[in-house]
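Visitor: model the following, please.
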Amino acid sequence: MFRPHVPVNEKPTGEIIPTITTLGTVVPHESGHAPCGCQHHAPAPVAPAPSRSAVQVTPGALVVLVVGGTVVVLTVGAVLVSMLLAVAITAGALAVVALVVRSILVSEAKQRR
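Guide: Presented below is the predicted three-dimensional model:
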């Protein structure tokens with residue numbers, strides 16, 4: 001399952017595809033066929049692969065990233081908790097208002113009888 005598999009072309013088209021090495025140089029495909037007489041285009045230039053990773057994290061930058069990430073998580077958490085608390089307080093206030101209005105309407109209905 002984890003072994004590399006090289007696909008095999010069952011019906012070759014006769015097109016010559018150059019092999020590109022890891023250093024970016026192009027190695028032409030060598031075949032025993034006679035030249036076909038048609039015009040082949042040169043392969044596109046390939047940028048050389050970088051020898052080192054583009055991002056280098058120093059210990060100081062790592063500390064800054066960890067502290068910054070912690071601050072962001074705590075800030076977002078505080079905002080979400082405060083929004084949830086605001087919704088809960090609003091729901092509680094509306095429930096109290098509904099009970100008061102219901103009580104007033106029931107007491108008025110009893111007084112009319």
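
Visitor: only C-alpha atoms for contact and neighbour calcs from this point on.
Guide: Noted.

Visitor: so for stretch 47-58, what's the average pLDDT?
Guide: Mean per-residue pLDDT for stretch 47-58: 70.

Visitor: whoops, I mixed them up, stretch 72-88
Guide: pLDDT averaged over stretch 72-88 gives 98.

Visitor: quick one: contacts of that stretch?
Guide: By C-alpha atoms under 8 Å, 6 or more residues apart in numbering, no surrounding residue is in contact with stretch 72-88.

Visitor: what are the buried residues along it?
Guide: Within stretch 72-88, no residue counts as buried by 16 or more other C-alpha atoms under 10 Å.

Visitor: near residue 100, how many other residues are there?
Guide: 12 (other C-alpha atoms under 10 Å).

Visitor: relative to residue 92, how far out is it?
Guide: Here the criterion is C-alpha to C-alpha, to the nearest Å. By it, residue 100 lies 13 Å from residue 92.

Visitor: residue 57 belongs to a strand?
Guide: No - per DSSP: H, G, I helix; E, B strand; the rest coil, residue 57 lies outside any strand segment and is coil.

Visitor: and it, backbone torsions?
Guide: phi -110, psi 120 (degrees, to the nearest 10).

Visitor: how near is it to residue 70?
Guide: According to C-alpha to C-alpha, residue 57 and residue 70 sit 18 Å apart.

Visitor: equivalent analysis for residue 59, please.
Guide: 17 Å.

Visitor: what about those two, which has more around it?
Guide: Each of residue 59 and residue 70 has its neighbours counted (other C-alpha under 10 Å); residue 70 has more, 12 against 9.

Visitor: what helix or strand is the more buried one on?
Guide: helix 59-112 (DSSP states H and E).

Visitor: next: residue 13.
Guide: Here residue 13 sits in a region with no helix or strand, counting by DSSP H and E.

Visitor: what sits against it?
Guide: Not one residue lies near residue 13 by C-alpha under 8 Å, 6+ apart.

Visitor: okay then, goodbye and thanks.
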